[in-house]
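1. fold the stuff below for me.
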Amino acid sequence: MALHETTSDESHPRAAVFTGLGGDAWQPSDLSRGPWDPRAQHGGAPCGLFAHVAERAAPGPGWQLARLTVELVKPVPVAPLVTRAQVQSSRATVRVGIDLLAGEVVVARAHALLLARNPLALPADLPGWPPQPLRPLPRDCNERVRIPGLPEGVSFYSSAMDTRVAEGDSTRPGPCGAWFRLAVPLVQGAANSPAMRAAAAADFGNGLSWVLPADRFLFTNADMSLNLFRAPEGEWIGLRSATEAHGDGAGLVVSQLYDERGPVGLATQTLVLRERAGA
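-> This is a model prediction of the structure:
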């Protein structure tokens, strides 16, 4: 997860995070860059790409992403990549396994579940999730997400994402709520789908709800699991995130996901906690 000081994306008016090189080959731009190593991507970039590849594997229209589980096996380089997908379909589900490779090395893998859309006439008073909608709405929020101690410069957060703080204070440790919007195409020539927007935003939970100072500790996520019970509407994805960190080097982030109408799903991240060298 990466969060930096903001720089305008106006210097990248036609840029995308990824450009297809034909078939299953992809070229990431510097807009994919993360905070921990300038050679490595922010986790939201490959998560969004996995959602795109999974949706592209569906046998036709009428399918929606219900689950995406991503294993970030190694730092994903800002370098040419290849995806390899295996698809299993039934009348109600499509299951997609995807490997992401740099050369011959698997750097990340994902498992996606897509469900056939099946409109139902549900009772109007059907009990729902207890979480309240995330408020204020993006148009009524003015402050961008800012995490002390992380580097500045062109990156997935600062140049590819718009952010608005809705609850809490992102400059202080603890739970926080914010809105995220892709400001550029995730894949050149492809529309940012609701699933792509949700997957790209869901990886921001650990930075949004940081509890350890970034100048002293690394709190990278080794995975990201996203469950959506409905497709988000509109461009903005809201996260209400909280982090648990412990002295054995492991942590957990839980993020509730929203659109402007209300809850849409849930995301979790397993954290690898390390003290920075020389801290």
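2. what's the first helix or strand after the helix or strand of the chain with the lowest mean pLDDT?
-> Ranked by mean pLDDT, DSSP states H and E, the weakest helix or strand in the chain is helix 156-160, scoring a mean of 88. Using DSSP states H and E, the helix or strand that follows helix 156-160 towards the C-terminus is strand 161-167.
3. other SSEs contacting that following strand?
-> Counting contacts by 3 or more C-beta pairs under 8 Å, 6 or more residues apart in numbering; DSSP states H and E, strand 161-167 packs against strand 176-182. All C-beta atoms are positioned from the backbone trio N, CA, C, and that covers glycine.
4. show me what the strand it packs on is in contact with.
-> By C-beta atoms under 8 Å, 6 or more residues apart in numbering, the residues outside strand 176-182 that reach it are 48, 134, 137-138, 141, 145, 160-170, 192, 196-197, 200-201, 204, 208-209, 235-241.
5. hang on, the earlier thing: from the contact counts, what lies against the least confident helix or strand of the chain?
-> Applying 3+ C-beta pairs under 8 Å, 6+ apart, we find helix 156-160 packed against helix 44-56.
6. so what's the gap between the least confident helix or strand of the chain and the chain middle?
-> 12 Å (C-alpha atoms, centre = their mean, to the nearest Å).
7. do stretch 236-249 as well
-> A distance of 13 Å separates the centroid of the chain from that of stretch 236-249, by C-alpha atoms, centre = their mean.
8. my guess is residue 55 meets residue 193, correct?
-> Yes. In this structure, residue 55 is within contact of residue 193 by C-beta atoms under 8 Å, at 6.1 Å.
9. and the longest strand for this protein?
-> Longest strand of the chain, by residue count under DSSP state E: strand 262-275.
10. count the neighbours of the nearest residue to residue 81 once chain neighbours are set aside for me.
-> Distances taken as C-beta to C-beta, 6 or more residues apart in numbering put residue 26 closest to residue 81, at 4.8 Å, once the chain neighbours are dropped. The number of residues packed near residue 26 is 23, by other C-beta atoms under 10 Å.
11. residue 26 belongs to a strand?
-> Yes. Counting by DSSP: H, G, I helix; E, B strand; the rest coil, residue 26 falls inside a strand.
12. wait, residue 147 touches residue 170, no?
-> Yes. Judged on C-beta under 8 Å, residue 147 makes contact with residue 170 at a distance of 6.2 Å.
13. so residue 259 sits right up against residue 229, yeah?
-> No. In this structure, residue 259 is not within contact of residue 229 by C-beta under 8 Å, at 11.9 Å.
14. comparing the two, which shows the higher neighbour count?
-> residue 259 (23 against 13).
15. so who does that one touch?
-> Residue 259 makes contact with 232, 233, 234, 236, 237, 238, according to C-beta under 8 Å, 6+ apart.
16. now the phi/psi pair for it, please.
-> phi -110, psi -170 (degrees, to the nearest 10).
17. equivalent analysis for residue 111, please.
-> Taking degrees, to the nearest 10, you get phi -130, psi 120 for the backbone angles of residue 111.
18. burial check on it, number of neighbours?
-> As a burial measure, residue 111 scores 17 neighbours (other C-beta under 10 Å).
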